[in-house]
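In: Here is a sequence together with a model predicted from it:
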Amino acid sequence: MEVSNPDPDQSAISQFQRVRGQTLALTEGLTAEDMVVQSMADASPMKWHLAHTSWFYEHFILQRYADDYQLFNSDYQYLFNSYYDAVGPRHARPERGLLTRPPLSDILAYRQHIDQQMANVLNQQQPEVTELLTLGLHHEMQHQELMLTDILHLLSANPLAPALQHQAVAVSDEQVTAEKMLSHEGGLVQIGASEQGFSYDCEKPRHQFYLQPFKLANRPVTNSEWLQFINDGGYQNPLLWLSDGWHCCQQHQWQAPLYWRQQDGGWFSFSLNGLQTVNPDAPVCHISYYEADAYARWAGKRLPREQEWEVFAAKQPQNLQKANFLEHHIWQPTACTPQTGFDKLFGDVWEWTQSPYTGYPGFTAAQGELAEYNGKFMANQFVLRGGSCASPRQQLRSSYRNFFHPHQRWQFSGVRLAEDQ
């Protein structure tokens with residue numbers, strides 16, 4: 001369950017082609033205009049994602065391991081570097097949407113060039129390249145999720161509420177199981193990634209951690225439960241909120257999760273499938289850490305620690321296998337089920353934890369330029385676990401740590417409650 005390497009039964013070239021093809025498939029139905037606009041500083045245009053994921057292979061693999069490699073365009077080293085300061089200067093992130101040039105046709109030609117050059121290098125089967133390829137593929141899969149969250153934010157700003165796709169979402173007649181708190185005796189547990197298979201440096205080293213006895217909810221908080229929070233004045237009660245959270249709530253005039261709209265006497269939510277009636281049984285989505293924390297306080301519970309989440313998730317392989325991930329092409333959370341035990345530990349929505357994103361005991365960042373991949377972001381962010389409906393299945397494992405600032409809402413983020421025992 002913990003192994004998240006590319007399929008060992010596939011050749012390196014097949015793995016590379018599959019991931020690259022999946023990225024391009026996410027642009028189906030989009031126009032060139034859709035792919036150049038940037039809706040906010042946190043998001044990036046689709047065209048930029050297509051170019052940056054190609055730049056990653058060019059800079060970290062082709063320039064080092066391809067014989068007599070010539071840059072496709074030297075300007076791209078500046079335009080499509082994301083945050084690698086050690087690599088050199090780069091175009092400002094909030095201004096990526098101003099890059100009407102180079103045109104989309106040039107970026108697609110750039111991707112094709114990288115694909116051809118990478119095939120030549122992968123045929124040489126160099127061990128150093130294989131390791132970097134694995135990182136590059138996981139990096140591109142991370143951007144696949146960002147492509148979906150970024151285009152969702154962009155389309156939500158259009159008054160026509162255009163859908164990216166029209167995927168029917170099954171609605172069950174079965175009643176969702178009432179929230180149950182499942183107990184764990186606590187004690188000394190093992191946390192972090194094993195040495196088997198791929199994992200990021202921030203998931204290591206595997207180490208011991210002592211847990212007090214606790215309980216974790218069997219499922220995420222649903223939209224119907226969140227509506228109770230709204231109707232009870234949750235967004236108007238400062239006693240429920242952290243100080244910074246209340247300031248953020250007031251500053252941005254939050255009244256409901258991102259993409260929720262109240263019209264015709266009911267609540268609707270915008271998704272990649274268009275504007276829909278809020279599904280009462282689906283996990284609440286697109287909430288900030290601040291909102292999750294306020295809800296937990298309102299409910300008389302708390303947010304889980306990431307170690308509490310992981311110790312349960314590591315023993316739930318069935319949750320990982322049947323989860324709603326990007327490959328299902330639903331791209332929105334589906335209804336919780338009446339099953340016993342845990343539901344939706346993986347997929348559907350990332351789950352906020354109360355744990356700050358910091359290094360584990362003995363953490364050391366990757367060496368060289370790739371040291372900037374994770375370690376330099378270990379400040380002022382909180383950990384989310386489990387993946388979402390926009391996460392590629394191959395990315396996820398029980399040790400995977402995502403992280404965002406507490407005010408951010410445009411990711412597929414939800415909440416599962418915990419309490420002390």
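Out: Done, it's in.

In: in the stretch 201-350 of the chain, which spans are helices?
Out: Taking DSSP state H, counting those that start in this stretch, the helices of the stretch 201-350 of the chain run over residues 223-231, 243-252, 289-298, 306-313, 317-321.

In: Which helix or strand contains His143?
Out: helix 127-156 (DSSP states H and E).

In: what's that helix packed up against?
Out: helix 12-25, helix 46-57, helix 104-122, strand 266-271 (3 or more CB pairs under 8 Å, 6 or more residues apart in numbering; DSSP states H and E). (Each C-beta comes from the backbone N, C-alpha and C, glycine too.)

In: which other residues reach the shortest one?
Out: Contact with strand 266-271 is made by 152, 155-156, 161, 163, 223, 227, 256-257, 259-262, 275-279, 285, 331-332, as judged by CB atoms under 8 Å, 6 or more residues apart in numbering.

In: Selection in PyMOL covering whichever of these are buried, please.
Out: Here is the PyMOL command that selects only those of the contacts of strand 266-271 that count as buried (16 or more other CB atoms under 10 Å):
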select buried, resi 152+155+156+163+223+227+256+257+259+260+275+278+279+285+331+332
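
In: how many neighbours does Ala365 have?
Out: Using other CB atoms under 10 Å, Ala365 has 16 other residues around it.

In: OK, contacts around the closest residue in space to it that isn't next to it in sequence?
Out: Using CB to CB, 6 or more residues apart in numbering and skipping the chain neighbours, the partner closest in space to Ala365 is Gly375 (3.5 Å). Taking CB under 8 Å, 6+ apart, we find Gly375 in contact with 201-202, 359, 363, 365-366.

In: Now tabulate these in a markdown table and tack on pLDDT and distance to Asp244.
Out: Shown next, in a markdown table, are the contacts of Gly375 (pLDDT from 0 to 100; distance: CB to CB, whole Å):
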| residue | pLDDT | distance to Asp244 |
| --- | --- | --- |
| Asp201 | 94 | 29 |
| Cys202 | 96 | 24 |
| Gly359 | 97 | 23 |
| Phe363 | 95 | 26 |
| Ala365 | 84 | 28 |
| Ala366 | 81 | 31 |
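
In: buried subset of the residues you listed?
Out: The neighbour count (16+ other CB under 10 Å) marks 201-202, 363, 365 as buried among these.

In: hmm, which two among these are most spread apart?
Out: Across those, the two members that end up farthest from each other (CB to CB) are Cys202 and Ala365, 8.4 Å apart.

In: shared neighbours of these two, anything?
Out: Contacts common to Cys202 and Ala365, judged by CB under 8 Å, 6+ apart, are 374-375.

In: hang on, the earlier thing: so can I have JSON lines of the buried ones among the contacts of Gly375 showing distance to Arg90?
Out: Shown next, in JSON lines, are those (distance: CB to CB, whole Å):
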{"residue": "Asp201", "distance to Arg90": "22"}
{"residue": "Cys202", "distance to Arg90": "22"}
{"residue": "Phe363", "distance to Arg90": "26"}
{"residue": "Ala365", "distance to Arg90": "20"}
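
In: ok, those vs Val87, which is closest?
Out: Nearest to Val87, judged by CB to CB, of the buried ones among the contacts of Gly375 is Ala365 at 15.6 Å.

In: And the contacts of the one helix or strand Tyr78 maps to?
Out: Assigned by DSSP H and E, Tyr78 belongs to helix 76-79. With contact meaning CB under 8 Å, 6+ apart, helix 76-79 is reached by 51, 55, 58-59, 71, 87-91, 99, 102, 110.

In: Can you list the buried residues in that helix?
Out: 76-77, 79.

In: if we take the residues you listed, which one ends up nearest to Trp352?
Out: Nearest to Trp352 among the buried residues of helix 76-79: Leu79, at 33.7 Å, using CB to CB.

In: Beta-bridge partners for Trp352, please?
Out: In this structure, Trp352 bridges to Leu384 when assessed by DSSP bridges.

In: domains in this protein, as residue ranges please.
Out: Domain segmentation of the chain under automatic domain parsing yields 12-156, 181-420.

In: okay, how far is it across the first one, tip to tip?
Out: The first and last residues of domain 12-156 sit 38 Å apart, counting by CA to CA, to the nearest Å.

In: Now it: average pLDDT?
Out: Over the span of domain 12-156, the pLDDT mean works out to 97.

In: circling back: mind checking which of the helices and strands packed on helix 127-156 is nearest Phe346?
Out: Across those, Phe346 has its closest neighbour in helix 12-25 (18.8 Å, CB to CB).

In: Can you identify the element that follows the helix holding His143 toward the C-terminus?
Out: Helix 127-156 is succeeded, C-terminally, by strand 181-184 (DSSP H and E).

In: hmm, back to that, nearest to His407, of the buried ones among the contacts of Gly375?
Out: Nearest to His407 among the buried ones among the contacts of Gly375, with distances taken as CB to CB, is Cys202, at 21.3 Å.

In: if we can go back for a sec, quick one, which of the helices and strands packed on helix 127-156 is packed in tightest?
Out: Highest mean neighbour count of the helices and strands packed on helix 127-156: helix 46-57, a mean of 25 (counted as mean count of other CB atoms under 10 Å).

In: Report the distance from that one to the chain centre.
Out: Its chain's C-alpha centre and that of helix 46-57 lie 17 Å apart, by CA atoms, centre = their mean, to the nearest Å.

In: list the helices and strands it packs on?
Out: Helix 46-57 sits against helix 12-25, helix 76-79, helix 104-122, helix 127-156, with contacts defined as 3+ CB pairs under 8 Å, 6+ apart.
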